[in-house]
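K.L.:
please work out how this folds:
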Amino acid sequence: MKQIGLLYFRDIKNIVSNWVATIIILGLVFLPSLYAWFNIKASWDPYSQTGGLTVAVTNNDKGTILRGTPINIGNEVIASLKENHKIGWTFVNEQEAMRGVLHGDYYASIVIPADFSAKIGTVLTDNPQKAELVYSVNEKINAIAPKITAKGASGIVDEISRNFIKTANGTIFRIFNEIGLELEVQRPMIEKMRNLIFKMEAMFPTINQTVNIALEDINKANGIVRKAQTNLPIVAELTQDGMDVTQKFKKLLDRTTEALDALSPTIKQDLFLLQQTAMAMEQLTDILQDTKIEPAVVKAALNQASRRLSTGIAVTEHIIALFDRLDNLAGGNRLSIFTGKLKQIRNHLQQQLATVNTITSAIDQGEKPAAQLINHLDQLSRKTSVILDDILQRYDSEIQSRILQAVENTKKATQRAYAVLVEANKSIPDVQRLLHDAAQGLTIGNQELSAIQKNLPAIEARIKGLADWIRTMEKEGTLDQLINLLINNAKKTSEFFAEPVVLKENKLFPIPNYGSAMSPFFTTLSLWVGALLLVSLLTVEVHHHDANYKSYQIYFGRYLTFMTLAVLQSLMVTLGDIFLLGTYVVDKLWFVLFGMLLSSVFMLIVYTLVSVFGNVGKAMAIVLLVLQLAGSGGTFPIQVTPPFFQAIHPYLPFTYAISMMREAVGGILWDIIGKDLLMMAVYVAIALVIGVALKDFLNRSSARFVEKAKESKLIH
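P.N.:
Reported below is the predicted structural model:
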């Protein structure tokens, strides 16, 4: 130990006493800091500067007329982009856009075709067509820029779709709301008609009894006639009121039919949207199975798939609820078979959403998604597509007709009731005349009373039929249920269907900028580079001939010198990161201490390689650096690198060194630090075994090789 200490302090004395050596050493201590600082500062916050990425935009949309209203969605897109400064939107003609993309003046171009608005307007026809945006990109200019511009283009599509759904649904729900409000206003009249009909039904036994008594006892005819004359105006009033209310109710049903006609294309469009979601899931499985696709594209595809599935589930729930209400209103369970199929679709979508979330979670944790999950997602997507194809094929011929048939049956029943009331109203003058004649003279006797008795049962049967029809209607669905189905807040409902799911982000370890997030990698890299600089300019051998040093004494004594300089390099880098650049670090003290530890370990590894293998050791240290740049997961997740780098990833010092520095930057979890420290101890043990136990043997074995290399006069 004494010899080791003497050797170390002699090196320190030589450095301090020789001003040239001092200057060189200070330069070696300072140089690695520049490597880290420049790289961290250059990548500080690149995504806030995307406004400089120029994207050409051309609007050729000629607009269209939709139900008498001129629309031009292309102009609306241009207006919204002029307010969006996240990307450098540049508005030029189509020829200039294509020339600029080809020559690198623009990173990409977006062309809005002339028929853009016209195709969107086809949603109200029997043959809806999808509108297209033509997106062209020059990927040879830069590797990252196309990903950013593609996100901007997809954002335009999402915004157009969201606004379209919001507007279309808003119109439909506003019509429903108006019908519901009209029914609400007419509720007292409808209920009065119902009560009057039931009252008429209850009165007929009394009338019949009166006529029978008159036939039995002609002497009581006057009383019976007066009573009949008193009640008959009520019957006439009830009949007239019933006719008026029935006519109003028929008009309301006509408006309900119009509303359902307007709703039917929207339901069909929602089914088309669900079918597109199923197709998108099939495309997602192709992306997941393609190992060549960029990880950012996979992650974006998974996030978009999650949003689509969530929207699809909400849309399916809405259609199921609507079909259930229509079944309750019309009776007969006419739509139950399709409701069952929609529930199957909902279950498939929920399972797909759970599978997508599982795959996303696996990717976030650095794992490769299981092929079983991808196959399960693909099977669910195909089952969903099959069911949706069946529903869409049967929609026009069965579903729509059954919805309208339910309302048509109600209208026919109302027409029959009106006909009954008309006939009843026609019969009332006959009754009045009979009673009047009876009042003038009872001589008519049994003949006239028999005529009255003959007409009353027909009237009674008609009123009773109308009352029975009302009871049947109330069993199938009450007036309150119909009003509740139609009355809603049209604005809020349309806004909900435009964006039914909102992503709530929860950052567990928030880091405010990209430069701070990259500081663990660049700091770790600079420490290794610093160790390479030291062994490149400083010798690992001892040239003091006045002392008889043993191999292990030279090894440890000279290493202490290199370690001291490496620790100084680490202090310069880590303190500069924090106080000069202002890098975000949660645990600043541990960041500095971890840097000192890593520089000591790196220095030991590099020093041992050079001490044992000479110049070949320097080459080995450089090769190890190159492998660690790609295999440590410092920039891209290791899961997206080739299999070779994934295989060597667990055995590289950078893997655990970067992990330690990331913990200090984002917030320490000590179980992770414990594992990283254990691996650092393993690397130290391996280096010491090579440096202490094998140094003499390897030096003697390679002596002849080194001498031969020196004979070339090119290698020292």
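
K.L.:
what number of residues lie near residue 287?
P.N.:
15 (other C-beta atoms under 10 Å). For the C-beta atoms, the positions are set from N, CA and C on the backbone; glycine is no exception.

K.L.:
now swap in residue 285 and tell me
P.N.:
For residue 285, the neighbour count with other C-beta under 10 Å is 20.

K.L.:
relative to residue 374, how far out is it?
P.N.:
Between residue 285 and residue 374 the computed distance is 5 Å (C-beta to C-beta, to the nearest Å).

K.L.:
over to residue 597?
P.N.:
Residue 597 is 42 Å from residue 374, by C-beta to C-beta.

K.L.:
what's the answer for residue 643, then?
P.N.:
Distance of residue 643 to residue 374, computed by C-beta to C-beta: 18 Å.

K.L.:
equivalent analysis for residue 70, please.
P.N.:
From residue 70 to residue 374 the distance is 47 Å (C-beta to C-beta).

K.L.:
of these two, which one has the most company?
P.N.:
A direct count of neighbours by other C-beta under 10 Å for residue 70 and residue 374 places residue 374 higher, at 18 against 9.

K.L.:
what segments of the stretch 601-716 of the chain are helices?
P.N.:
615-631, 643-648, 653-666, 670-688, 695-710 (DSSP state H, counting those that start in this stretch).

K.L.:
angle of the longest one against helix 653-666?
P.N.:
Angle, helix 670-688 to helix 653-666, by axes from the mean of the first three to the mean of the last three C-alpha atoms, to 10 degrees: 150 degrees.

K.L.:
okay, now the domains of the chain?
P.N.:
Split into domains by automatic domain parsing, the chain comes to 2-45+513-710, 47-158, 185-259+415-465.

K.L.:
what about residue 85? Give its phi and psi, please.
P.N.:
Phi and psi for residue 85, reported as degrees, to the nearest 10, are phi -110, psi 10.

K.L.:
now do the helices in the stretch 251-400 of the chain.
P.N.:
295-330, 336-364, 371-394, 400-440.

K.L.:
weakest of those helices by average pLDDT?
P.N.:
Sorting the helices of the stretch 251-400 of the chain by mean pLDDT places helix 400-440 lowest, at a mean of 65.

K.L.:
now the element after the helix-or-strand element of the chain with minimal mean pLDDT, going C-ward?
P.N.:
Lowest mean confidence among the helices and strands of the chain (mean pLDDT, DSSP states H and E): helix 490-498, at a mean of 53. Next helix or strand after helix 490-498 toward the C-terminus (DSSP states H and E): helix 514-537.

K.L.:
just the buried positions in that next one, please.
P.N.:
515-535 (16 or more other C-beta atoms under 10 Å).

K.L.:
and residue 315, how many neighbours does it have?
P.N.:
The number of residues packed near residue 315 is 24, by other C-beta under 10 Å.

K.L.:
again, but for residue 71
P.N.:
18.

K.L.:
can you tell me how far residue 460 is from residue 203?
P.N.:
Relative to residue 203, and taking C-beta to C-beta, residue 460 is found at 9 Å.

K.L.:
wait, residue 353
P.N.:
Taken as C-beta to C-beta, the span from residue 353 to residue 203 is 61 Å.

K.L.:
out of the two, which sits in the more crowded spot?
P.N.:
residue 353 (20 against 16).

K.L.:
what's the closest non-adjacent residue to the more buried one?
P.N.:
For residue 353, ignoring the flanking residues on the chain, the nearest one in space by C-beta to C-beta, 6 or more residues apart in numbering is residue 309 at 4.1 Å.

K.L.:
tell me who's in contact with that neighbour.
P.N.:
277, 281, 349, 352-353, 356 (C-beta atoms under 8 Å, 6 or more residues apart in numbering).

K.L.:
on that earlier part again, need the helices of the stretch 251-400 of the chain in CSV (columns: distance to residue 656).
P.N.:
Shown next, in CSV, are the helices of the stretch 251-400 of the chain (distance: least, C-beta to C-beta, whole Å):
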stretch, distance to residue 656
helix 295-330, 22
helix 336-364, 20
helix 371-394, 30
helix 400-440, 64
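
K.L.:
wait, which of the ones you listed is closest to residue 659?
P.N.:
Counting by C-beta to C-beta, residue 659 lies closest to helix 336-364 out of those; the figure is 16.2 Å.

K.L.:
packing partners for the closest one?
P.N.:
If you count contacts as 3 or more C-beta pairs under 8 Å, 6 or more residues apart in numbering; DSSP states H and E, helix 336-364 packs onto helix 221-289, helix 295-330, helix 371-394.

K.L.:
6 Å - rerun?
P.N.:
Using 3 or more C-beta pairs under 6 Å, 6 or more residues apart in numbering; DSSP states H and E, the elements in contact with helix 336-364 are helix 295-330, helix 371-394.

K.L.:
tell me which of the ones you listed is the most buried.
P.N.:
Most buried of those, by mean neighbour count (mean count of other C-beta atoms under 10 Å): helix 295-330, with a mean of 19.

K.L.:
what sits up against stretch 343-351?
P.N.:
Outside of stretch 343-351, the residues that reach it under the criterion C-beta atoms under 6 Å, 6 or more residues apart in numbering are 309, 312-313, 316, 380, 383-384, 387.

K.L.:
mind redoing it with 7 Å?
P.N.:
274, 309, 312-313, 316-317, 320, 380, 383-384, 387-388 (C-beta atoms under 7 Å, 6 or more residues apart in numbering).

K.L.:
and if you look at stretch 675-684?
P.N.:
Defining contact as C-beta under 7 Å, 6+ apart, one finds that stretch 675-684 is touched by 597, 601, 604-605, 653, 656, 659-660.

K.L.:
scan those and report the most crowded one.
P.N.:
Ranked by neighbours (other C-beta under 10 Å), the contacts of stretch 675-684 are led by residue 660, which has 26 neighbours.

K.L.:
I figured that one hits residue 673, correct?
P.N.:
Yes: applying C-beta atoms under 7 Å as the test, residue 660 and residue 673 come out as touching, 6.2 Å apart.

K.L.:
the helices and strands packed on helix 336-364: which one's closest to residue 568?
P.N.:
Nearest of the helices and strands packed on helix 336-364 (C-beta to C-beta): helix 295-330, 38.3 Å.

K.L.:
now do that closest one and helix 336-364, the angle between them.
P.N.:
Compare the direction of helix 295-330 with that of helix 336-364 by the same axes, to 10 degrees and you get 160 degrees.

K.L.:
got the contact list for residue 610?
P.N.:
Contacts here follow C-beta under 7 Å, 6+ apart; on that basis residue 610 touches 535, 540, 617-618.

K.L.:
go through the residues you listed and name the one nearest residue 18.
P.N.:
Closest to residue 18, out of all of those and judged by C-beta to C-beta, is residue 540, at 18.4 Å.

K.L.:
which SS class is that closest one?
P.N.:
Of the three states, residue 540 takes coil under DSSP: H, G, I helix; E, B strand; the rest coil.

K.L.:
give me phi/psi at it?
P.N.:
phi -100, psi 0.

K.L.:
tell me, how many residues neighbour the nearest residue in space to it that is not next to it in sequence?
P.N.:
In space, and not counting its chain neighbours, residue 540 is closest to residue 611: 4.6 Å by C-beta to C-beta, 6+ apart. As a burial measure, residue 611 scores 25 neighbours (other C-beta under 10 Å).

K.L.:
so how far is residue 18 from residue 611?
P.N.:
Note on residue 611: its distance to residue 18, by C-beta to C-beta, is 23 Å.

K.L.:
cool, and residue 636?
P.N.:
45 Å.

K.L.:
now do residue 673
P.N.:
Counting by C-beta to C-beta - residue 673 and residue 18 are separated by 40 Å.

K.L.:
okay, now the unreliable bits of the stretch 451-600 of the chain?
P.N.:
Along the stretch 451-600 of the chain, segments meeting pLDDT under 70 span 453, 456, 470, 473-507, 543-549, 551.

K.L.:
can we see that at 50?
P.N.:
For the stretch 451-600 of the chain, the stretches with pLDDT under 50 are 545-546.

K.L.:
could you dump stretch 362-372 to CSV, C-alpha only?
P.N.:
The C-alpha trace of stretch 362-372 is given here as CSV (Å, rounded to 0.1, in the frame of the first residue of the first chain):
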residue,chain,number,x,y,z
ALA,A,362,-46.0,-4.0,-23.0
ILE,A,363,-44.3,-1.6,-25.4
ASP,A,364,-44.1,1.1,-22.8
GLN,A,365,-42.4,-1.4,-20.4
GLY,A,366,-39.9,-2.3,-23.1
GLU,A,367,-41.4,-5.7,-23.9
LYS,A,368,-42.3,-7.1,-27.3
PRO,A,369,-46.1,-7.7,-27.6
ALA,A,370,-47.0,-11.4,-27.7
ALA,A,371,-47.9,-12.8,-31.0
GLN,A,372,-51.0,-14.4,-29.3
